[in-house]
Structures are given as C-alpha cells and as structure tokens.
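# Below are the sequence and a predicted model; questions follow.
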Amino acid sequence: MARRPGAPAAYGEEFTFVSPLVKYLLFFFNMLFWVISMVMVAVGVYARLMKHAEAALACLAVDPAILLIVVGVLMFLLTFCGCIGSLRENICLLQTFSLCLTIVFLLQLAAGVLGFVFSDKARGKVSEIINNAIVHYRDDLDLQNLIDFGQKKFSCCGGISYRDWSQNMYFNCSEDNPSRERCSVPYSCCLPTPNQALINTMCGQGMQALDYLEASKVIYTNGCIDKLVNWIHSNLFLLGGVALGLAIPQGCY
C-alpha cells in the first residue's frame, strides 16, 4: 500500500492506495469460492438430513456429507474475509485472510512432510479409515457410492485384499450370518464384462469362500491400499505440480 498521489494527509492520518486490478481480482476469486462453499454446505446438509438418524450416527467418522459441511464452512469463513476485506479495503479482514492462507499452506507442507517421513504410520491410518468405511458400507448410501467408485477406479477390492469385506456384517462369512450376501463382495469388485447391458449386482456372490486364483477370474483380489499408494507414486510429479500451483497464489496473497 502507498499514499494516494496528490492527496493531503492530516496529522496522524494515513491514506492508502490499493491497485484496482489487484482489488477486484481478489474480490472476484474470493466471491467465486464463496459461492462454491455455500453450495458445498447446502449439499452436505441436504445429504445429512436425508439419512436415517441411526445410520447417520453409526458412520459419523467416515461420512462424506460431514466432510463437505466442514470444508464448506471453513472455505466460507476464509473467502468471506477475503471478499469483504478486498472490497472494503479492510486491513483487519485482509490480515486475517492472509494469516489463514499462511496456516493452510503450512498445514499442507506439514502433511506432505509427515506423510513422507512417517509413511508406515500414514499407511496404517489410511488402512484404519478404509476398514472403518468397509464396516459401515451398507449404513450410508453416500459412503457406499464413494467406495464403489474407488474400487472401480483403482480396480481393487477391500483394504488389503477382497477378504477384508468379511468385516462387514452383511458380507461376513460366519455360519450364523443370515444375510443373502454372506461371504460375498460388492459388485464394484467384479471384473468388467464387455458389452454388458445390465449390471449384475450379485456377481460377487460367495467370492470370499474362493482362493485367490479362483476368485481372480471373477473379481479384483488386490486391496485398494496398495493400488492407491502405487497411483500416488506414479503421479508424484503431477501431485507436486498441483500442490505448487496451490501454494503460489497462497504465497502471493
């Protein structure tokens, strides 16, 4: 900031000047993400309200709707400071906005370093999250769709292997399990069939009772954790470029 050219300055009063280009660019991008954050919160709240109370409480820790709400609220507060601060040239709001971006950048950096240094512990935490999601697979439709998408995308099944699905009460292989899906796996584990007009949702029936060689003819037998780690390794430079692209604007602000 600088003193406005030709403007008189009274004693103890400081006039500041902000470039209109920087001001309105900052306002535009913050306004854009402000609207996106409101949409995220609205979608998350709607998805949360549509769930049964028992199911919503059972899978609270792995609920995609909760993640949408939390991220949306934080983004809303952050972009509010940037939007109003840039429009009104409010130093307090702009400093808050800058401080929050700095904290976000440092958290991104810390997460990357800790994930690299403590890779085994990070892998264990990811495994714990995936196993918890498997347990609550049938309790939450949003979570179910997310898992099915991940298993199709990475051509995998379960956490470590397809037999991890025995942790779910519906897919458990115990003799006293009355479920018709006993000892099965979700249809998203099944190998794709060329020119298939209809999806066979029962294609994973009884797959956990088969050994790896027999099951591999019908379903994916490798777990999603290894597939995810391999994908991260193969796209390391791409992820680094995205992280750098996100870090540069944060540093500029």
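All right, it came through fine. If you're wondering where the values come from, they're calculated on a predicted model, not measured in any experiment.
# ok, then the element right after the helix or strand encompassing residue 105?
Secondary structure here is read from DSSP states H and E; on that basis residue 105 sits in helix 91-117. Downstream of helix 91-117, the next assigned helix or strand under DSSP H and E is helix 119-135.
# Flag every buried residue along that following helix.
Along helix 119-135, the positions that meet the burial threshold by neighbour count (16 or more other C-beta atoms under 10 Å) are 126, 127, 130, 131, 133, 134, 135. For the C-beta atoms, the positions are set from N, CA and C on the backbone; glycine is no exception.
# what packs against that helix?
With contacts taken as 3 or more C-beta pairs under 8 Å, 6 or more residues apart in numbering; DSSP states H and E, helix 119-135 sits against helix 141-154, helix 224-234.
# per-residue pLDDT, the closest residue to residue 65 other than its chain neighbours?
Counting by C-beta to C-beta, 6 or more residues apart in numbering, residue 65 lies nearest to residue 47, which is 4.0 Å off, once chain neighbours are set aside. Residue 47 is assigned 74 on the pLDDT scale.
# Distance check, the residue nearest to residue 142 when sequence neighbours are not counted against residue 44.
Sequence neighbours aside, residue 64 is the residue nearest to residue 142 in space, at 4.7 Å (criterion: C-beta to C-beta, 6+ apart). Applying C-beta to C-beta, to the nearest Å, one obtains 8 Å for the distance of residue 64 from residue 44.
# Now residue 156: which helix or strand?
Applying DSSP H and E as the criterion places residue 156 outside every helix and strand.
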